[in-house]
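*Asks:* with the sequence up front, the predicted model follows.
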Amino acid sequence: MKTNITLIGMPGAGKSTIGIILAKDMAYGFIDTDILIQISQQKSLQDILNQSGYMELREIEEKELLKVNLQHHIIATGGSAVYSEAAMKHLAKSSVIVFLDLDLDQIRDRIHNFDTRGIARSDDQTIEDLFEERVRLYKKHADITINCRELHQDELALDIMKQVKLLLD
């Protein structure tokens, strides 16, 4: 039974912020998988990237996601969670997967530290390349896609709750 909501989307899409609002509104627990990675590795995402590379960060992320075994939680994933088929299948067993969809210009406006934010990408990959590559994966794994372009965070949380309820009823 699906009792969780997992949020996926580009860095800067609002997964953590909206996740906290959803958790509060629904009286659910909240976890941010980027924080789980940082706790388990005892270093920042950017430090992992600098020391071990983006593929290592993706492997660590997959391991952390595969450990998640919760009920009644909002799970904010790292933006690269969708690269792991195993992790997404694992999350989908207990979660409604919600893609927070923003356009590239909005992502650019929100992310001013693209090179130091801890984003798992190859050195030559631009934000445009990353956006194009990931959006296909987000859409592939999403049960619900939420257009985040014009709504306020509280309105988005309400929209997510309504759409999840419709899907599960």
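*Replies:* Yep, that arrived.

*Asks:* use CA for all of it now, contacts and neighbours both
*Replies:* Fine.

*Asks:* contacts for the longest strand along the chain next, please.
*Replies:* Longest strand of the chain, by residue count under DSSP state E: strand 95-101. Identification of contacts with strand 95-101 by Cα atoms under 8 Å, 6 or more residues apart in numbering yields 2-10, 13-15, 91, 138-139, 141-149, 160, 164.

*Asks:* could I get the CA-only coordinates of the lowest-mean-pLDDT helix or strand in the chain as PDB?
*Replies:* Counting by mean pLDDT, DSSP states H and E, the chain has its least confident helix or strand at helix 104-110, which shows a mean of 87. What follows is helix 104-110, C-alpha atoms only, in PDB (Å, rounded to 0.1, in the frame of the first residue of the first chain):
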ATOM      1  CA  LEU A 104      14.500  25.700 -17.400                       C
ATOM      2  CA  ASP A 105      14.400  29.500 -16.900                       C
ATOM      3  CA  GLN A 106      12.900  29.100 -13.500                       C
ATOM      4  CA  ILE A 107      15.500  26.600 -12.500                       C
ATOM      5  CA  ARG A 108      18.200  29.000 -13.700                       C
ATOM      6  CA  ASP A 109      16.600  31.800 -11.600                       C
ATOM      7  CA  ARG A 110      16.600  29.700  -8.500                       C
END
